[in-house]
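Asker: How does the following fold in three dimensions:
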Amino acid sequence: MTKRDTLEIALKVLGLYLLTVAFDSLIGIAKSSTFFFIPHSADSNEDLIYFIVNSFRTFFYIFGFWLLTFKTDYLTAKLIKTNSENTSPFAIGKADLLQILFSTSGIIITFFSVSELWNALTMSSIWNYNDIPEKNGFLIYLMQIGIPLTKGLIGLTLIFASGGLARLLIQKKK
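Answerer: Here you go, the predicted structure:
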């Protein structure tokens with residue numbers, strides 16, 4: 001494996017990490033979206049500021065995911081001008097290493113999503129829904145619980161479908 005191959009793999013894994021961080025920032029958007037349900041409350045200006053900041057942060061992470069995952073060749077060419085063709089004696093293919101890294105990141109994502117799910121369940125059970133209409137309160141509750149569940153499903157997908165994902169990303173380049 002060359003330097004460029006190793007960098008491509010690292011950038012793709014970092015891109016997937018940014019995708020999970022983007023899901024995490026969706027929780028901030030869900031919490032600050034109460035501005036739209038109660039626009040004249042005492043905290044409405046603060047909620048609007050948090051909504052704008054969290055929206056920008058989510059867009060930034062999604063853009064980073066897109067750039068690092070789908071424009072890897074472009075970034076690699078900009079970061080490494082000369083590629084050494086020296087391969088290390090460590091004999092592992094690009095797809096195999098990518099599969100290992102996907103599995104590892106899936107385990108980490110799943111582990112942390114369980115913790116976030118328990119925190120979301122705890123916070124949503126003690127959160128005051130009295131000022132929000134019933135249907136909107138239930139929607140916010142589902143968003144707070146749904147985001148950690150989605151991250152958990154992404155982690156499990158990375159674990160169990162890591163081989164297929166690795167082959168898909170490697171074939172896309174060719």
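Asker: residue contacts, the residue most central in space within the chain?
Answerer: For the chain, the residue nearest the mean C-alpha position is residue 20 (1.5 Å; C-alpha atoms, centre = their mean). By C-beta atoms under 8 Å, 6 or more residues apart in numbering, residue 20 lies in contact with 109, 151, 154-155. To be clear about C-beta, it is placed using only N, CA and C from the backbone, and glycine gets the same treatment.
Asker: what packs against the longest helix along the chain?
Answerer: If you go by DSSP state H, the chain has its longest helix at helix 94-126. With contacts defined as 3 or more C-beta pairs under 8 Å, 6 or more residues apart in numbering; DSSP states H and E, helix 94-126 has these neighbours: helix 3-32, helix 134-160, helix 162-173.
Asker: To residue 101, which of these lies closest?
Answerer: Nearest of the helices and strands packed on helix 94-126 to residue 101, taken as C-beta to C-beta: helix 3-32 at 4.9 Å.
Asker: Direction-wise, compare that closest one with helix 162-173 and give the angle.
Answerer: 110 degrees (axes from the mean of the first three to the mean of the last three C-alpha atoms, to 10 degrees).
Asker: now the following helix or strand past helix 3-32, how far from the centre of its chain.
Answerer: Sequence order places helix 34-37 as the next helix or strand after helix 3-32, per DSSP states H and E. Computed by C-alpha atoms, centre = their mean, to the nearest Å, the chain-centroid distance of helix 34-37 equals 25 Å.
Asker: Check what pLDDT the residue nearest to the centre of the chain gets.
Answerer: What the model reports for residue 20 is a pLDDT of 82.
Asker: for the one 4 residues further on, same thing?
Answerer: The predicted local distance difference test score for residue 24 is 78.
Asker: Lovely, talk soon.
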